[in-house]
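# Sequence plus the predicted model coming up.
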Amino acid sequence: MSFSETKKDFVINVIKLGGTSQSKKGYDTLISNLKDNKTVVVVSALKNITNNLLFIIEKYNTLSSNERENWVNNNIITPNIELASSLGISDISFLKVDFNYLLLLMKNTSDKLQLQEKINLISVGETLTSKILNVYLQINNKNSLYLDSIQFIRCNLENKSIYNKGEFSVDKNVLLNNFKDNQIIVVPGFRGMNINNDLSLMGRGGSDTTGSIIAAEMLSDKYEIWTDVNGIYTGDPNNLNNVNIIKSISYDAAQEISAMGARVIHPYCIRPCKEKNIPI
């Protein structure tokens, strides 16, 4: 069955949940807004988790293994356990593999992490929230599946630095096959698999780009980015008074605004949707 034939059978929505949406309120709002359409939910890490992971990488060789382990427990593991607890999820065994991986890296007897270890470490934040959201959706009787983005997003270059500068592309057939038995697919943002079959990162703001390339490849009706503001304003509504939301804006103007520092939307996520004329 071809993609075009399949596309006639159902509409695919793509929603990206930012770090500020990783909460019971954010998840309940998501559930209340889910329609009968097939939906891909791209998930960011909890707010500040990626920054914390970058911090421990920077300080890695200045701390003992015990200090590193304690820091990760307090600043990475505990916040995610607290998120799960706030959702009424008491059995967190589905997170144990990821927690153990984090702690294993902290116990490393080496005084430095290898490049791939740094990349894998930074990506864990999205893994944890994606798995937590997926379990919460299932508890709320949603037909949901956790699907790691490395299974269907590929990068055309090997890793030369923490953030890969190559092109990331989506294998739509993997998503379509998983939609046969599932209504919602929960995807960790920010990453894919490179030409050496190593995990590869898109760069900061990469979750926005993850959702964009998925929406473009799946010919989604629209791409929704859920963040702490309702759209692009004439100024930062968190810091300024008397700013107004821009009800409609062209892709190029949005690209220019984001490139100038507006953090509501990542500049790299605009082009894929522009090419397929998908509203953001």
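Everything's here; your move. Residues are numbered from 1 along each chain as shown.
# what is the rounded mean pLDDT of the longest helix anywhere in the chain?
The longest helix of the chain (DSSP state H) is helix 115-139. If you average the pLDDT over helix 115-139, you get 97.
# buried ones in that helix?
Neighbour-count burial for helix 115-139, counted by 16 or more other Cβ atoms under 10 Å, picks out 118-137. (Glycine included, C-beta is placed from N, CA and C.)
# what's the very next helix or strand once past that helix in contact with?
Downstream of helix 115-139, the next assigned helix or strand under DSSP states H and E is strand 144-146. Strand 144-146 is contacted from outside by 130, 131, 134, 137, 138, 178, 181, 182, 183, 184, 185, 186, using Cβ atoms under 8 Å, 6 or more residues apart in numbering.
# and the second one, what is it in contact with?
Residues in contact with residue 131 (Cβ under 8 Å, 6+ apart) are 94, 95, 98, 146.
# Tell me which residue is most central in this structure.
residue 189 (2.5 Å; Cα atoms, centre = their mean).
# quick one: it from residue 25, how far?
20 Å (Cβ to Cβ, to the nearest Å).
# got any ranges where the protein has weak pLDDT?
Scanning the chain for pLDDT under 70 picks out 1-10, 109, 228-231, 233-235, 250-253, 255, 257-267.
# ranges for the strands of it?
12-17, 38-43, 144-146, 153-155, 168-170, 184-188, 191-193, 199-201, 223-226 (DSSP state E).
# residues in contact with the first one?
Spelled out, it's strand 12-17. Residues outside strand 12-17 that contact it (Cβ under 8 Å, 6+ apart) are 26, 30, 35, 37-44, 133, 179, 189, 207-208, 210-211, 214-215, 218-226.
# in its sheet, what does that strand sit against?
strand 38-43 (parallel), strand 223-226 (parallel) (DSSP bridges).
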